[in-house]
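In: Pasting the sequence and the predicted coordinates here, then a few questions.
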Amino acid sequence: MITSKRKEHIDKVNEKRKQRTLDLIRQAGQYLDDIGESKTVPNVSKATKRFDPLGKGISEASFRNKKLKHIQDLMKEYRIGPYLSMLNYSDEASVDVFELIKISKENKKLNKKLEDKIVTIKKLNKELKIYKTSNEVLRHKIMELETKLLTNISFPRSNNMFI
């Protein structure tokens with residue numbers, strides 16, 4: 001049976017490890033923000049090794065373990081991995097639903113325009129290819145005609161200049 005003193009010691013060690021984990025994740029998240037990298041699980045895991053005095057860092061498995069609630073909560077707070085695109089709770093309060101709908105509609109219109117432009121560009125590229133091909137054919141024809149012209153020029157047979 002575990003004595004109360006031993007349980008206290010285990011709890012103290014676990015709390016230290018938990019705090020170390022949270023500190024490393026915070027530092028890694030801040031670092032990735034500062035350098036402009038995305039906060040994917042592999043990126044954050046690698047960055048934690050950078051700040052860990054032991055050089056171990058936090059494994060990707062720890063980030064994916066749903067039972068480690070303290071890590072999952074911090075991932076939500078720092079928008080790490082699957083929570084990357086999530087809004088902060090403070091952000092949600094300041095977002096107007098009607099403004100979001102308006103932006104969404106505008107986004108759809110812009111996407112449609114973008115798709116139309118892409119189709120136009122593809123058509124123009126095809127047309128350009130056709131013109132380049134016909135240009136090459138015409139250039140080749142011109143060279144053939146110039147060659148024929150040069151070979152068909154008759155030169156005088158006798159040269160009276162030297163007489």
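Out: Perfect, thanks for sending it. Numbering: from 1, shown residues only.

In: in this protein, which spans are helices?
Out: Read by DSSP state H, the chain holds these helices, from start to end of the chain: 4-35, 41-51, 60-64, 69-78, 89-94, 97-152.

In: Take these and write them to a markdown table, including mean neighbour count.
Out: (Glycine included, C-beta is placed from N, CA and C.) As requested, these are exported to a markdown table (neighbours: other Cβ atoms under 10 Å):
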| stretch | mean neighbour count |
| --- | --- |
| helix 4-35 | 13 |
| helix 41-51 | 18 |
| helix 60-64 | 15 |
| helix 69-78 | 16 |
| helix 89-94 | 8 |
| helix 97-152 | 10 |
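
In: Tabulate the ones you listed (a markdown table), appending mean pLDDT.
Out: Conversion of the helices of the chain to a markdown table gives the following (pLDDT from 0 to 100):
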| stretch | mean pLDDT |
| --- | --- |
| helix 4-35 | 90 |
| helix 41-51 | 92 |
| helix 60-64 | 90 |
| helix 69-78 | 88 |
| helix 89-94 | 51 |
| helix 97-152 | 90 |
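
In: domains in this protein, as residue ranges please.
Out: Taking automatic domain parsing as the domain assignment, the record places the domains of the chain at 4-86, 96-153.

In: OK, contacts around the residue sitting nearest the centre point of the chain?
Out: For the chain, residue 38 is the residue whose C-alpha lies nearest the centre (Cα atoms, centre = their mean; 8.8 Å). Contacts here follow Cβ atoms under 8 Å, 6 or more residues apart in numbering; on that basis residue 38 touches 32, 84.

In: Phi, psi for it please.
Out: For residue 38, the backbone dihedrals (degrees, to the nearest 10) come out as phi -80, psi 150.

In: and it, how far is that from residue 11?
Out: Relative to residue 11, residue 38 is positioned 36 Å away (Cβ to Cβ, to the nearest Å).
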